[in-house]
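A.B. asks: Sharing a sequence plus its predicted fold:
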Amino acid sequence: MSSRRGYGRRGFLSLAMAGGVALTASGCGLLGGSDDSGGSKGGSGVEKAKIKVSIMPTIDVAPFHLAVQNGYFKNEGLEVEAVDAASGDASLQKLQAGEVDIAYASYTPFFIAKSKGAADIKLVADASSAGPKSTEVVAMPNSNIKSVHDLAGKKIGITATNTICDTLTKSVMRDNGVNFTDVKWVSLRFPDIGPAVKRGDIDAGFLTEPFITQSAKVNGTVEVIDTASGGTKDFPTAGYGSLGKFTDANPKTVAAFQRAMLRATKEASDRSKIEPLMIQYSKVDEATAKITNLLTFQSTLDARRIQRVPDLLQQFGSIQSKIDVQSMIVPQANAS
């Protein structure tokens with residue numbers, strides 16, 4: 001199956017959120033909107049009308065799908081093609097390879113690439129912050145892992161190292177005086193982490209929603225730690241980045257993307273807009289959708305808030321010198 005999904009005149013929406021299952025359906029009216037929804041058509045002068053954006057199967061890309069679904073990109077003169085990525089690092093690699101123009105990822109790969117001089121990363125739009133119990137380390141109830149203090153030296157499943165998964169986990173472990181240097185990090189896709197915990201292939205796993213709720217129901221996993229607590233409460237988790245050469249050459253295109261995302265993000269603050277996506281497109285039943293803990297959707301980039309990410313990475317030695325987030329942020333477009 002192709003990893004690419006084109007969003008053209010028909011406004012097709014493909015949303016892969018839980019279980020790694022991608023389903024496609026006509027976009028018209030799913031959330032009460034349509035391709036002809038009102039709003040500015042201020043994107044008529046964009047430099048590049050067709051762009052590719054790499055995404056991941058997580059809830060915090062819901063505003064992106066809403067922007068496609070309700071024609072907000074189209075209204076701005078953009079035709080967007082989504083390209084699936086397995087992790088934030090994989091999404092960044094697609095950006096660096098020129099396969100996409102904009103990449104969604106957790107913030108950590110962006111800052112690590114910037115610190116190494118591997119890419120001139122520019123931040124285009126925010127995506128999310130960790131809400132209470134929206135990111136957790138889970139284990140089986142009959143395991144010997146009952147608290148954060150039991151995680152030292154264990155095998156913990158994450159999507160990839162140097163992502164928000166291990167960063168949040170290490171932060172909570174450090175804050176509780178637990179040694180994280182001998183943890184064995186095991187790379188798995190989010191849908192595969194819960195089953196791996198159940199089989200005993202790993203001792204614990206980092207999950208975000210809706211995988212937390214789904215794994216609890218299907219695999220019986222339970223929370224060990226809420227990684228969006230203490231020093232990482234409301235921690236910035238993910239955003240959209242691009243390369244400086246693209247943002248410099250296409251300022252109107254970037255602004256059009258930002259306006260569409262801002263409009264969709266405001267709409268996503270209504271939980272009733274998100275639950276139908278989980279129910280209809282990710283095989284999550286209505287009861288699960290109602291109790292799933294959502295991340296906090298964001299769009300406009302706040303340098304002071306996001307500065308928390310590279311500062312924490314520097315503390316862990318993942319980056320060697322201070323990064324000035326403000327210098328990486330592309331000027332933010334206002335909603336029309």
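C.D. replies: Noted; the coordinates are in hand.
A.B. asks: What lies in contact with the strand or helix carrying D192?
C.D. replies: Assessed by DSSP states H and E, D192 sits inside helix 190-199. Outside helix 190-199, the residues within contact range by C-beta atoms under 8 Å, 6 or more residues apart in numbering are 18-20, 57-58, 138-140, 157-159, 186, 188, 202-208, 211, 214-215, 218-221. In short, each C-beta sits where N, CA and C put it, glycine included.
A.B. asks: Swap in 7 Å and give it another go.
C.D. replies: 18-20, 57, 138-140, 157, 159, 188, 202, 204-205, 207-208, 211, 215, 218-221 (C-beta atoms under 7 Å, 6 or more residues apart in numbering).
A.B. asks: tell me which residues in it are buried?
C.D. replies: Along helix 190-199, these residues count as buried under the neighbour rule (16 or more other C-beta atoms under 10 Å): 190-198.
A.B. asks: Going through the contacts of helix 190-199, which ones are buried?
C.D. replies: Judged by 16+ other C-beta under 10 Å, buried ones among the contacts of helix 190-199: 18-19, 57, 138-140, 157, 159, 188, 202, 204-205, 207-208, 211, 215, 219, 221.
A.B. asks: tell me how far the helix holding D192 is from the chain's mean position?
C.D. replies: 19 Å (C-alpha atoms, centre = their mean, to the nearest Å).
A.B. asks: Show the contacting residues for the nearest residue to I291 once chain neighbours are set aside.
C.D. replies: Nearest in space to I291, with sequence neighbours left out and distances taken as C-beta to C-beta, 6 or more residues apart in numbering, is T213 at 6.2 Å. Neighbouring residues of T213 by C-beta under 7 Å, 6+ apart: 288, 291-292.
A.B. asks: would you say T213 is within a helix?
C.D. replies: Yes: secondary structure of T213 (DSSP: H, G, I helix; E, B strand; the rest coil): part of a helix.
A.B. asks: quick one: pLDDT of it?
C.D. replies: At T213, the predicted lDDT confidence score is 91.
A.B. asks: any idea how far it lies from T292?
C.D. replies: Separation of T213 from T292 (C-beta to C-beta, to the nearest Å) stands at 5 Å.
A.B. asks: element containing K48?
C.D. replies: Counting by DSSP H and E, no helix or strand carries K48.
A.B. asks: ok, which stretches of the protein are strands?
C.D. replies: 4-7, 13-15, 23-25, 50-55, 79-84, 102-106, 121-129, 135-139, 155-158, 184-187, 204-208, 222-226, 236-243, 296-297 (DSSP state E).
A.B. asks: Report the backbone C-alpha coordinates of the fifth one in PDB.
C.D. replies: What it means is strand 79-84. Backbone C-alpha positions of strand 79-84 (Å, rounded to 0.1, in the frame of the first residue of the first chain) are rendered in PDB as follows:
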ATOM      1  CA  GLU A  79      -3.300  21.200  -2.400                       C
ATOM      2  CA  VAL A  80      -1.800  19.000   0.300                       C
ATOM      3  CA  GLU A  81      -0.500  15.500  -0.100                       C
ATOM      4  CA  ALA A  82       0.100  13.600   3.200                       C
ATOM      5  CA  VAL A  83       3.000  11.200   3.500                       C
ATOM      6  CA  ASP A  84       3.000   8.700   6.400                       C
END
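A.B. asks: Relative to it, what are the paired strands and their orientations?
C.D. replies: Here strand 79-84 has these sheet partners by DSSP bridges: strand 4-7 (antiparallel), strand 50-55 (parallel).
A.B. asks: so where's this protein shaky on pLDDT?
C.D. replies: Applying pLDDT under 70 to the chain flags residues 1-44, 277-284, 335-336.
A.B. asks: other SSEs contacting the longest helix belonging to the chain?
C.D. replies: When the chain is parsed with DSSP state H, its longest helix is helix 251-268. Applying 3 or more C-beta pairs under 7 Å, 6 or more residues apart in numbering; DSSP states H and E, we find helix 251-268 packed against helix 62-69, helix 72-75, strand 121-129.
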